[in-house]
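Peer 1: Need coordinates for the following:
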Amino acid sequence: MEELHELTKSELEIMKILWQADHDLLLSEILPLIEEKYNKRWKRQTVSTFLSHLIEKGVADSYRKGRYFYYRAIVTEDSYKLNEINNTVNFWCNGSVKNLISALCDQEKLSLSQSEKIERILDELDN
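Peer 2: Presented below is the predicted three-dimensional model:
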């Protein structure tokens, strides 16, 4: 899989709106969704700039239909999440999923059965 460009928090918020939509969106549809979901009152130009960045980064697309521009995600949310997880594992965990899981487990209070199940999974990764 081709590595995707890193997105800013604001760009990710707009992408979440695009990913959750059941149709391609107009800028006028995105604005109230951003306000509703993230309590942000961005100006049209601000959101338009973020959308331009998302298009430049290859994760969103736009097309003109009549006098309106429509926006859509062209990278799936799952693809982006997987890319981010891989980047995290490579950068913070030296490429080791085992190190990632260990770090996550250190942050959680696990029951004995949960801990044993995770240990079995990790043992399988070593095989």
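Peer 1: you'd agree Leu100 is up against Phe91?
Peer 2: No: Leu100 is beyond contact range of Phe91, at 10.7 Å (criterion: Cβ atoms under 8 Å). No exception for glycine: its C-beta is placed from N, CA and C like everyone else's.
Peer 1: how's the chain carved up into domains?
Peer 2: Domains of the chain are assigned by automatic domain parsing as 9-73, 93-126.
Peer 1: residues of the last one that come out buried?
Peer 2: Applying a neighbour-count criterion of 16 or more other Cβ atoms under 10 Å, one finds 93, 100-101, 118 buried in domain 93-126.
Peer 1: contacting residues around the helix or strand containing Pro32?
Peer 2: Under the criterion of DSSP states H and E, Pro32 resides in helix 27-38. For helix 27-38, the surrounding residues in contact (Cβ atoms under 8 Å, 6 or more residues apart in numbering) are 13-14, 16-18, 21, 25, 40-42, 44, 47-48, 51, 69, 71.
Peer 1: Same check on stretch 61-74?
Peer 2: With contact meaning Cβ under 8 Å, 6+ apart, stretch 61-74 is reached by 15, 18-19, 21, 24-27, 30, 51, 55, 58-60.
Peer 1: Helices - which of these land there?
Peer 2: If you go by DSSP state H, these have 15, 18-19, 27, 30, 51, 55 in helices.
Peer 1: quick one: low-confidence parts of the protein?
Peer 2: Residues of the chain that meet the criterion pLDDT under 70 lie in 1-2, 126-127.
Peer 1: would you list every one of the strands in it?
Peer 2: For the chain, the strands defined by DSSP state E cover 25-26, 60-65, 68-73.
Peer 1: With mean neighbour count and distance to His5 as extra columns, can I get the ones you listed in TSV?
Peer 2: Formatted as TSV, the strands of the chain follow (neighbours: other Cβ atoms under 10 Å; distance: least, Cβ to Cβ, whole Å):
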stretch	mean neighbour count	distance to His5
strand 25-26	17	21
strand 60-65	14	11
strand 68-73	17	14
